[in-house]
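[1] structure for the following, please:
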Amino acid sequence: QVQLVESGGGLVQAGGSLRLSCAASVRTFRRDTVGWFRQAPGKVRDLVAAITWSGGYTEYSDSVKGRFTISRDNAKNTVYLQMNSLKPEETDVYYCEGRRFEVGRYDYWGQGTQVTVSS
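    Residues are numbered from 1 along each chain as shown. Below is the predicted model:
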């Protein structure tokens, strides 16, 4: 079973940057599509960005296009989310989730990392 560990969250001022990392425990991770999601208390978890296994295709929510960049290093079993020009309303817990091709949906995730953007 794949375990994911997110890191890189913290407190940043509005307009600042953070780089999140999602490290996987097994090599099969490199075959999976990975998404970064965020969730505020009592709200639905929303997809922020996703990347296919090869990194050849990425997608972003409209709210983060041009500011966030998702990437991966399969040799390190790690996916990254570079977040620039952060806004206070983006204060959330950020999760990475994996989607196995044979399952067809996101079916495993980490415990999340808190991102707090102060105004």
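
[2] Ala40 against Glu90, yeah?
    No: the criterion here is CB atoms under 8 Å, and Ala40 misses it with Glu90 at 9.6 Å. Every C-beta, even on glycine, is put in place using the N, C-alpha and C of the backbone.

[3] tell me which of those two has more neighbours.
    Neighbour tally, Ala40 and Glu90, criterion other CB atoms under 10 Å: the higher count belongs to Glu90, 22 against 13.

[4] can you pull the pLDDT of the nearest residue to the more buried one once chain neighbours are set aside?
    Once flanking residues are discounted, Glu90 sits nearest to Val117: 5.5 Å by CB to CB, 6 or more residues apart in numbering. You'll see Val117 listed with a pLDDT of 98.

[5] do the same with Ser25
    89.

[6] quick check, Glu59 in contact with Trp36.
    No: applying CB under 8 Å as the test, Glu59 and Trp36 come out as separate, 10.9 Å apart.

[7] one step back: which residues sit in contact with the residue nearest to Glu90?
    11-14, 16, 86-91 (CB atoms under 8 Å, 6 or more residues apart in numbering).

[8] and Phe29, by the same measure?
    With CB under 8 Å, 6+ apart, Phe29 has these contacts: 2, 4, 77, 98.

[9] now the strands: where do they sit in the protein?
    4-7, 10-13, 18-24, 33-39, 46-51, 58-60, 68-73, 78-83, 92-99, 106-109, 113-118 (DSSP state E).

[10] these: lowest mean pLDDT?
    When I compare the strands of the chain, strand 106-109 is least confident, with a mean of 93.

[11] just list whatever residues bridge to the residue nearest the centre of the chain.
    Taking CA atoms, centre = their mean as the criterion, Trp36 is the residue nearest the geometric centre of the chain, at 2.5 Å. Note on Trp36: beta-bridge partners by DSSP bridges are Ala49, Cys96.
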